[in-house]
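Engineer: A structural model of the following input is requested.
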Amino acid sequence: MSNSRHLPTAPTTSRDLAAASGVAAHWHDEHQIVYASRGVVAVHTDSTRWIAPAHRALWIPAGTVHAHRAYGVTRLHFLGLAQNPLRLDEPTALVVSPLLRELLIAYTELEDAETPAGKRLRAVLLDQLATSSEQPVRVPTARDPRLAAVCALLETDPSDSRGLEALGRAAGTSGRTLTRLFREDMGMTFPQWRTQLRLYHALRLLAEGHPVTAVALRCGFATASAFIDVFRRSLGDTPGSYL
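Structural biologist: Down below sits the predicted model:
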């Protein structure tokens, strides 16, 4: 993201993005919350891709170069913060409760946030953010070229069910080496990374209107019920809620 733009102030606003559109790489001197009340938004940094459906918001620390990508027609809400009330130094996905959802929508659509009512709304919003738990769907980017080659195979076809030994042979390395690299480079095991990758693609496909069974098969789940089970355990809801 070497061609990123410097936009000093992180705006507090809302906007619509057409399906498959985005916001080019940029960075702010302030922190920012990004939330999609409709559709699904992905945020890409140099090291990781994050995706946020309607019950997740993304925390982006000041100075982080990032780009946005919309899947499905998306309504985005941006909250700029000069301070760091969450004390988080890395991009993080936050759980959005029904109350926090309404607060984010209402505050980012205010015409004048400096009124007494606007300031009270902001105070409640910050209180709710401070208690939000972290539940990410994130796909770290490989730095090691051997690992990157394997990841590229699975990016092309998330339904590829081969294990690390078979994938290693295709990429010219061993399964044992790849096991070590996943822990060192990604900070997670291979099964954990593959699940995150499949969920990332599943959210994107659901936002584009694909049926649950088709998404399950395209993302490598043996059955629709297996996909629903992993989805619910990871995201706290069913895939059908995103259609």
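
Engineer: every contact and neighbour count from this point should use C-alpha atoms.
Structural biologist: OK.

Engineer: beta partners of residue 40?
Structural biologist: Per DSSP bridges, the residues bridged to residue 40 are residue 71.

Engineer: now swap in the one 10 residues further on and tell me
Structural biologist: Beta bridges link residue 50 to residue 43, residue 138, judged by DSSP bridges.

Engineer: who's in contact with it?
Structural biologist: 42, 43, 44, 58, 93, 136, 137, 138, 139, 200 (C-alpha atoms under 8 Å, 6 or more residues apart in numbering).

Engineer: secondary structure element holding the residue nearest to residue 223 when sequence neighbours are not counted?
Structural biologist: Nearest non-adjacent residue to residue 223, counting by C-alpha to C-alpha, 6 or more residues apart in numbering: residue 216, 6.6 Å away. Using DSSP states H and E, residue 216 sits within helix 212-218.

Engineer: so how far is residue 62 from residue 78?
Structural biologist: Using C-alpha to C-alpha, to the nearest Å, residue 78 is found at 14 Å from residue 62.

Engineer: ok, now residue 221?
Structural biologist: Counting by C-alpha to C-alpha, the gap from residue 221 to residue 62 is 37 Å.

Engineer: likewise residue 184?
Structural biologist: In terms of C-alpha to C-alpha, residue 184 sits 26 Å off from residue 62.

Engineer: more neighbours: the two, which one.
Structural biologist: residue 62 (23 against 13; other C-alpha atoms under 10 Å).

Engineer: now do the contacts for the closest residue to residue 89 other than its chain neighbours.
Structural biologist: Nearest non-adjacent residue to residue 89, counting by C-alpha to C-alpha, 6+ apart: residue 61, 6.0 Å away. Applying C-alpha under 8 Å, 6+ apart, we find residue 61 in contact with 30, 31, 32, 88, 89, 90, 91.
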